[in-house]
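In: give me a 3D structure for the following:
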Amino acid sequence: MRVPYEVPADGLPERVTIYEVSPRDGLQNESAVVPVEVKAELIARLAEAGLTTIEATSFVHPRWVPQLADAGELLTRMPRVPGVRYPVLVPNERGLDRALEHGVTEIAIFGSATETFAQRNLNRSVAGSIEMFAPVVSRALQEGIKVRAYVSMCFGDPWEGPTPPAQVVDVGARLLDLGCYELSLGDTIGVGTPGHVAALIAAFDARGIGAGRLAVHFHDTYGQALANTLAALTAGVTVVDASAGGIGGCPYAQSATGNLATEDLVWMLHGLGIETGVDLGSLAATSVWVAERLGRPSPSRVVQALAKE
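Out: Purely as a prediction, here's the structure:
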């Protein structure tokens, strides 16, 4: 079968926006440097497959993530399709300066729900990281740039254990209060389960932050990414982060395995009658293409299944 049998379910959104992260989050953990022309072609192929939000790169210092040292060159070389958004991750004001130099129109900042990961990832406390982000967001908004916020370790931290929902809500609310339009809830090490997802979204709602301002970002370490996504959709979330072919992880959390594969997500969504605008065949072919360049098969179950037909 090349497409799933469609059986809509009650209580789910009619359309879901996929926030594609493979060029940035997917490739950042690769040990071998991926040529900039491969990255540019990956972005072009993703747009051709119908993805309308593609996180292109990050202006993090090359010392921390060498794979993304070519961020400026990539933004200069990559093609842009009208109607497609190409956000970039920025860690601080210097990163924002570089983004502005390259005409970026949307950025993302990356916070943590736990103190240990904030120190390991950002070299400062949670409060200190929010203080660092405040001028970044303020300046970006003054320049007419949209800002998204990620918050990591929302379900568990390898050093601190399970993350209390109230702690996540507190950090997330502070990031949104800076002026971010959307908050992506990250299960960085993939330990969340559907009930935990529902409880966290309900906790945000109780704080006055509805599902319309939330996105979800799941890793599939324990095989829960699709189940967790369905729980989030049932709770009203309509934006889901995913990575073509399931590539990616986190360079600061060794227990973090691949992201939710975009193809696996699309198969489930299309089977539920939910629109995505994505051509699954084209997307799967793109993941096979990039897997060949990475020198290993795609971990996506849907990519593997379609490749055998």
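
In: now the strands: where do they sit in the stretch 101-250 of the chain?
Out: Ranges of strands in the stretch 101-250 of the chain, per DSSP state E, counting those that start in this stretch, are 106-112, 146-152, 156-157, 161-162, 182-187, 214-218, 239-242.

In: columns mean pLDDT, distance to Leu176 and mean neighbour count on top of those, output as TSV?
Out: Bear in mind the C-beta positions are built from the backbone N, C-alpha and C, glycine included. Listed next are the strands of the stretch 101-250 of the chain as TSV, based on pLDDT from 0 to 100; distance: least, CB to CB, whole Å; neighbours: other CB atoms under 10 Å:
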stretch	mean pLDDT	distance to Leu176	mean neighbour count
strand 106-112	98	11	24
strand 146-152	98	7	24
strand 156-157	96	21	22
strand 161-162	97	23	10
strand 182-187	98	6	25
strand 214-218	98	9	25
strand 239-242	98	14	25
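
In: turn these into JSON lines, including distance to Thr53.
Out: Below are the strands of the stretch 101-250 of the chain laid out as JSON lines (distance: least, CB to CB, whole Å):
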{"stretch": "strand 106-112", "distance to Thr53": "9"}
{"stretch": "strand 146-152", "distance to Thr53": "10"}
{"stretch": "strand 156-157", "distance to Thr53": "27"}
{"stretch": "strand 161-162", "distance to Thr53": "30"}
{"stretch": "strand 182-187", "distance to Thr53": "11"}
{"stretch": "strand 214-218", "distance to Thr53": "10"}
{"stretch": "strand 239-242", "distance to Thr53": "8"}
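
In: among the ones you listed, which is nearest Leu272?
Out: For Leu272, the closest of the strands of the stretch 101-250 of the chain is strand 239-242, at 12.5 Å, according to CB to CB.

In: got the CA coordinates for the closest one in CSV?
Out: These are the backbone C-alpha positions of strand 239-242, laid out as CSV (Å, rounded to 0.1, in the frame of the first residue of the first chain):
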residue,chain,number,x,y,z
VAL,A,239,1.2,22.0,15.1
VAL,A,240,3.6,19.0,15.3
ASP,A,241,7.4,19.0,14.9
ALA,A,242,8.9,16.2,12.9
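
In: what packs against it?
Out: Strand 239-242 is packed against strand 17-20, strand 182-187, strand 214-218, helix 225-234, helix 262-271, with contacts defined by 3 or more CB pairs under 8 Å, 6 or more residues apart in numbering; DSSP states H and E.

In: tell me which helix or strand comes right after the first one.
Out: In this case it means strand 17-20. Later in the chain than strand 17-20, the nearest helix or strand by DSSP states H and E is helix 36-48.

In: for that next one, what is the distance to the chain centroid?
Out: Computed by CA atoms, centre = their mean, to the nearest Å, the chain-centroid distance of helix 36-48 equals 17 Å.

In: next: stretch 118-134.
Out: Distance, stretch centre to chain centre, for stretch 118-134: 20 Å (CA atoms, centre = their mean).

In: quick one: contacts of that stretch?
Out: The contact list for stretch 118-134 (CB atoms under 8 Å, 6 or more residues apart in numbering) reads 91-92, 109-115, 149, 152, 171, 174-175, 178, 252.
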